[in-house]
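1. Predicted model follows, preceded by the sequence.
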Amino acid sequence: MITPNLYTERLLLRPITEKDVFAVFHGWMQEEEVSRYMYRKASKDIRDAEDFVHFEREKIPDGGWYRWLIADKQTEKVLGNCLIYYDEEQKSWDISYNLAKEFWGRGYATEAMRAVMRFAVEELLITECIAVHARENPASGRVIEKLGFSFEREVPFVCGGGEIHTIGRLYRFRNE
């Protein structure tokens with residue numbers, strides 16, 4: 001299944017396009033505070049945003065990788081991105097999300113991820129999913145809990161392009 005558009009009260013979740021390089025770069029990729037707990041490291045080189053968009057565009061037909069840009073439904077301004085993917089190493093579905101700093105604290109991540117989880121359950125027929133966040137990022141944990149995930153255990157967590165090694169908090173969602 002190709003990544004579909006998803007809609008919420010305030011948001012449009014849509015697949016990434018080649019035209020999104022600037023929005024990705026200026027929205028979060030170059031922002032150290034936003035990228036700190038992400039897989040990719042912050043970058044001041046727009047070519048890294050181009051590489052990210054190219055990678056994501058290649059993953060669209062995958063069937064185990066669904067990445068959306070989170071946009072304001074009225075203005076179409078990109079606020080962040082979110083993802084659900086099948087992690088072959090963990091043998092589990094996993095979620096990820098982030099927002100540009102100017103949009104933190106407004107409920108956008110929870111709203112977007114509720115739509116993603118609805119898609120996961122109704123369309124992908126997912127019955128179980130995990131989410132991990134850095135212990136130092138409790139706001140992410142609050143989003144995960146609002147989605148119905150339950151804390152399971154602490155695990156090693158690597159982020160910031162491999163430069164940050166910390167403790168992660170692993171949560172599990174079960175739809176039985």
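-> Alright, I've got the coordinates.

2. what about the residue positioned nearest the centre of the chain, helix or strand, and which?
-> Centroid-nearest residue in the chain: residue 97, 2.2 Å away (criterion: C-alpha atoms, centre = their mean). Assigned by DSSP states H and E, residue 97 belongs to strand 92-99.

3. Relative to that strand, what are the paired strands and their orientations?
-> Strand pairing for strand 92-99, using DSSP bridges, gives strand 78-87 (antiparallel), strand 128-134 (parallel).

4. Tell me what angle the helix or strand following that strand forms with strand 78-87.
-> Counting by DSSP H and E, the next helix or strand C-terminal to strand 92-99 is helix 108-122. Using axes from the mean of the first three to the mean of the last three C-alpha atoms, to 10 degrees, the direction of helix 108-122 lies 40 degrees away from that of strand 78-87.

5. Show me what helix 108-122 packs onto, helices and strands only.
-> When contacts are defined as 3 or more C-beta pairs under 8 Å, 6 or more residues apart in numbering; DSSP states H and E, helix 108-122 packs onto strand 6-7, strand 11-14, strand 65-72, strand 78-87, strand 92-99, helix 138-146. Every residue, glycine included, has its C-beta placed from N, CA and C.

6. how close does residue 88 sit to residue 68?
-> Separation of residue 88 from residue 68 (C-beta to C-beta, to the nearest Å) stands at 21 Å.

7. Give me the more crowded residue out of the two.
-> Taking other C-beta atoms under 10 Å, residue 88 and residue 68 do not tie; residue 68 has more neighbours (26 against 8).

8. For the more buried one, which non-adjacent residue is closest in space?
-> residue 13 (3.8 Å; C-beta to C-beta, 6 or more residues apart in numbering).

9. Contact partners for that neighbour?
-> 5-7, 68-71, 82, 112, 115-116 (C-beta atoms under 8 Å, 6 or more residues apart in numbering).
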